[in-house]
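1. Sequence and computational prediction follow.
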Amino acid sequence: MTTTLDNVKPGSRARIINILHRGGWVYRMYQLGVFPGVEVEVVYNDGRGPIVLRVGDSEIAVGRGIARRIIVEHSGGS
Amino acid sequence: MKTVKVVFIGQPNVGKSSLFNLVTKSHVEVGNWPGKTVVVHKGEITYGSYQLILYDLPGIYGFSTLTQEEIVAREAILAEKPDVIIVVADSTIPERTMSILIQVLELTGRVVLVFSKTDLTHSKGIHIDYRGIEKELGIPVVPVSIASDMEIEDLLKAIIDVAEGRKGRREPLRIDYNGLNEYIDSIEDVLLEAGLPIDLPSRWISIRLIEGDKILEEQVKAVIGPAMWSRIEDTVREAHRLLGDPAAKITEARFKLISEISSRHIAKVKIKHGSTVSIFYRPLLGTIISIGIYLLVFTLVFTINTGFPLNIIFSALGLDSIALLLEEYSFSSLVEKAFTFVTSLIQPLSSSNPILYGFIANGILGGVASILVFLPLILLMVLIQVIIEDSGLMSRLAVSSHAFLSRLGLSGHAFFSFMLGFGCNVPAILSTRTNPNSLERLRLILTLSFIPCQARLVILLAFTSATTRFSMGLLIALSYITAIIVFMSVNYLLYRFSSMDKKEPQLLIEIPAYHRPLARVVYWKTIATVKHFVKKAGSIIFTGSIIIWLLASFTPTLSYTDNIGESIAAVVSKNMQFITIPLGITGESAWIISMAIITGFIAKELVVSTILVATGCETMSSAMRLLGLNDLQLLSLTVFTTLYIPCLATVSAVYEETKSIKLAFSVLLLTSSTAYIVASMLYHIASLFIGFH
C-alpha cells in the first residue's frame, strides 16, 4: 500500500516509489541519496514540523511540503 | 619550480576545510578564484621542487546548480581545469559522501580520494579496504584521521604522483546507465558532429544534459545553434517519456556503483544506533532552546563589547559597582580610553599644526578606532558561528525553527542568516548562499538589513543614554522588537504579495553527526573570515572617516576651519535638514542630526562620532541636551537609526551577491522608507500618550 512520506510514523521504514516534486529540489534529494527504490527510516515525525529521515548512515530533515510529494511504500518497523 | 594547481572538493560536513587548513598550514587567504568574482580559500605551499597552489571550494552535494555554492564550485572546476582534484569523503558515511567522487571521476581521472575521520570508523563498526578502492577506481586513496604530518606527507606525495601522471586514471570513469546509454550516445554523437564546441569530455556533457543541467544547456545551445540543439532536446524528451526522470535513473546507477564498491571493500558491523531523536526536532521546545542559545551568546558578546545588557541587569539588582566595572572594562570603553590617551600624546601638535593634528586625531585615529571597536564583535560572532556550524548544531537549529519561520514565508535555512545579522549584516547576507530557495534568498538579501547589527547597538546605547523619561533598557528593547517585527512583516508581505512565489517554504537539509569542533580548525576559519572582513569593511570605514574629516574641516571655499558649523559637511547638511522633519526633529541644530544620518551610511559608528565632533561634547547625553532633543524625538531618532539605510559595506555585499544595482537600490529605498514610516508613526503615537510636542 502506498502513501506519502509525511504519513509515515516514526520508527517505521518505507521504500521510496516516486518523487512527484519538481525543480532543483529533486536533484538535492538525489544527491542526498533519496531516490526511487531507496529504503528510508523515519526518525522523527510529529505531524507538524519537518520530518527527519535516516538514509544509509546519514540523517536528513525534509519539510512537510516536500514530504507530501514523496510517494512511499511501507516496508517495515512499527 | 613547477606549479601544481590543486582543488579540494567534497560534500558539506566531511571535514574538507579542516584538512585544507592542515595541509596549507593555515597560510590561507580568502581570495577570488582567478578571473571570477568567486570567493574561495587559497593557500600556497612548497613541497620538494613543486609549488602547490591549493583552493578550497565550498562544500557541495553534487554538480547541480541549486545553490550559489554549487554554481561557484562547478564553475571553478570546469573553467580553470585544475591539475589535481582532491575529493574528500567522510569515512563514517562513505556511500553518500562518495557520490560526489563518482561525479568528479566522470569528468576527469586526475583525482586523489581522501577518506576523512578514519579514527571514528572503528567505533561505528565500519572497516574500509582503502587499497581495494584504490585498485578498483584507479586513483590514489589516502586515509586521514587526525591529519598527522605523516598522513599529510602521503597526501602530498599522491598529489604529485597524479600531477606527474604516474597515478590517476587516464580516462574518466564510464558508468553503465543501462537503458539510458543509447540516449547518452546519441547526444554525444550530435556534440561530436558539431565539433565538440566546449572543452569538456563529450560523454560528461551528454550525461549532464540528460540530467537537466540548465547552465550547460544554455552554453551548448548557444554554440551549436538551434537546429542541432533541437535534436538533443528531442533525445532528452524521448528518454523522459520512455524511462521517467532520467536524473533519477542516473542517480540510481551512480549509487548502485557505489554500493557495489562498498560491498566489495567496506565491511560494516551492525552497531545499534542509540536514540537519535534530538530535542531540536521538536518544534516548540527546539525553538525555545535555539533562541535561548542565541540569547546567551548575544548577551555574552554584547556585554564584552559594551557592558550592555548585563550592566543594566546588575544595576537593577542594586549591584552598581559590578555594572560600572562591566562598562569600564568593556571593549568599546577600553578602545575609547586608548584612543583618548594616544590623542593626548599628539596634543602639542594642536597649537603648532592644527590641520595635521585634526587629520591624525579625527581622520586617522578616528578611523582606526572605529575599526578596532568592530573587531572583537566580528571576531566573537564569527567564532561562535564557526563553532555552531562545525559542531553540527546549525542544521538542528534550522530544523527546529522551520515550522515557525515557514509562516513568514521563510524556511529553516533562513534561521542562521537571521541570527548572524545581529552581529553584522555583511556575513548574514553572504550566508544566504547556502539557501536552496532562490526567491527566499532574494527576500532575505532585501530584508536582512533591518536586523540591528552590533554597530547599530552602539548608536542605540549612545542615543538612549540621553533619555530622561524612559528607561534606557526599555528603549533598546523596543528598538530591537520593532526591528524584528519589521523584518518579519516585510518578509511576510513580500512572500504573500509577490506574484512570483506562491510555493510554501521548503526545507531539505542534512543533519550531520554532532562532533566537538577542533580548536585549531575553529581558530583558522575564524581568523581567515575576520581578516577578509577587516580588509574589506576596514578600508571602507577608514576611507570614510578621512573623507568625513575633510568635509568637516574645510569650508566650501576650501580653507581650513575649526568651526564645524562653517564646513562643507554643515553647508550640505543644512540644505538637507528636511530629512529629520518626519522624525519630529526641527530647529536650528537639526542639521547636526542630518549630518550624522548621512555619515552613518558609510559606517554606523560614524553617527555617534559625527554628533560628538559637531557639538564638541564629550558624552552623548550632553550632546543631546545641547541639541535640545526631548525624549520623543530621541525615541523616533533611535528607531529611525535602527532601521534606516544599512552601511556601505552591507549595500556593497547586496550588490556583490546579486550583481544587481536595482536590488542594491531597492534595499536603500525599502529600508529608508520603512524607517521613516515606523519612526514617525511611533513618534506620533507616543506623543498622543505622553502629550507634549
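-> Sure, I can see it. From a predicted model like this one, the values you see are computed outputs, not experimental measurements.
2. For the rest of this, base every contact and every neighbour count on C-alpha atoms.
-> Noted.
3. Close to chain A: what parts of the stretch 1-150 of chain B are there?
-> B:Y61, B:G62, B:S64, B:T65, B:L66, B:T92, B:I93, B:E95, B:R96, B:S99 (Cα under 8 Å from any Cα of the partner chain).
4. Show me which helix runs longest in chain A.
-> What stands out as the longest helix in chain A, according to DSSP state H, is helix A:24-31.
5. can you tell me if that one touches chain B.
-> Yes - against chain B, helix A:24-31 shows contacts by Cα under 8 Å from any Cα at A:G24, A:W25, A:Y27, A:R28, A:M29, A:Y30, A:Q31.
6. Tell me which two in the residues of the stretch 1-150 of chain B next to chain A are the farthest apart.
-> The span of the residues of the stretch 1-150 of chain B next to chain A, defined through Cα to Cα, is set by B:T65 and B:T92 at 26.6 Å.
7. Can you tell me what sits against the helix or strand of chain A with the lowest mean pLDDT?
-> Across the helices and strands of chain A, mean confidence by mean pLDDT, DSSP states H and E is lowest for helix A:24-31: a mean of 84. With contacts defined as Cα atoms under 8 Å, 6 or more residues apart in numbering or on different chains, helix A:24-31 is touched by A:19, A:35, B:61-62, B:64-66, B:96, B:99, B:247-248, B:251, B:436, B:508.
8. Now, those that are in strands?
-> A:I19, B:L508 (DSSP state E).
9. Highest neighbour count among the contacts of helix A:24-31?
-> With neighbours taken as other Cα atoms under 10 Å in any protein chain shown, the top of these is B:L508, carrying 27 neighbours.
10. how about it, what does it touch?
-> A:W25, A:R28, A:M29, A:I60, A:A61, A:V62, A:G63.
11. In a markdown table, list those residues along with neighbour count.
-> A markdown table is the format used below for these (neighbours: other Cα atoms under 10 Å in any protein chain shown):
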| residue | neighbour count |
| --- | --- |
| A:W25 | 18 |
| A:R28 | 22 |
| A:M29 | 20 |
| A:I60 | 24 |
| A:A61 | 25 |
| A:V62 | 23 |
| A:G63 | 25 |
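12. In a markdown table: those residues, plus distance to B:L408.
-> A markdown table is the format used below for the contacts of B:L508 (distance: Cα to Cα, whole Å):
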| residue | distance to B:L408 |
| --- | --- |
| A:W25 | 20 |
| A:R28 | 24 |
| A:M29 | 24 |
| A:I60 | 23 |
| A:A61 | 20 |
| A:V62 | 18 |
| A:G63 | 15 |
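13. Now flag whichever of the residues you listed is closest to B:L113.
-> For the contacts of B:L508, the nearest to B:L113 is A:R28 (22.3 Å; Cα to Cα).
14. Strands of chain A, start to end?
-> Using DSSP E, the strands found in chain A span residues A:2-4, A:12-19, A:39-44, A:51-55, A:58-62, A:70-77.
15. Run through the neighbouring helices and strands of the last one.
-> Okay, so that is strand A:70-77. strand A:2-4, strand A:12-19 (3 or more Cα pairs under 8 Å, 6 or more residues apart in numbering or on different chains; DSSP states H and E).
16. now swap in the fourth one and tell me
-> Of the remaining helices and strands, those touching strand A:51-55 by 3+ Cα pairs under 8 Å, 6+ apart are strand A:39-44, strand A:58-62.
17. who's in contact with the shortest one?
-> Strand A:58-62 is contacted by residues A:32, A:50-54, B:93, B:399, B:506-513 when judged by Cα under 8 Å, 6+ apart.
18. and that strand, which strands flank it?
-> When sheet partners are counted by DSSP bridges, strand A:58-62 sits next to strand A:51-55 (antiparallel), strand B:508-511 (antiparallel).
19. How about the longest one?
-> For strand A:39-44, the paired strands and their directions (DSSP bridges) read strand A:12-19 (antiparallel), strand A:51-55 (antiparallel).
20. Which positions in that strand come out as buried?
-> If you call a residue buried by 16 or more other Cα atoms under 10 Å in any protein chain shown, then strand A:39-44 has these buried ones: A:E39, A:V40, A:E41, A:V42, A:V43, A:Y44.
21. any idea how far B:A403 is from the third one?
-> So the one you mean is A:E41. Noted for A:E41: a distance of 21 Å to B:A403, by Cα to Cα, to the nearest Å.
22. what do you get for B:K337?
-> Distance from B:K337 to B:A403, counting by Cα to Cα: 47 Å.
23. What of B:V458?
-> Taken as Cα to Cα, the span from B:V458 to B:A403 is 33 Å.
24. more crowded one of the two?
-> Set B:V458 next to B:A403 and count neighbours by other Cα under 10 Å: B:A403 wins out with 24 against 20.
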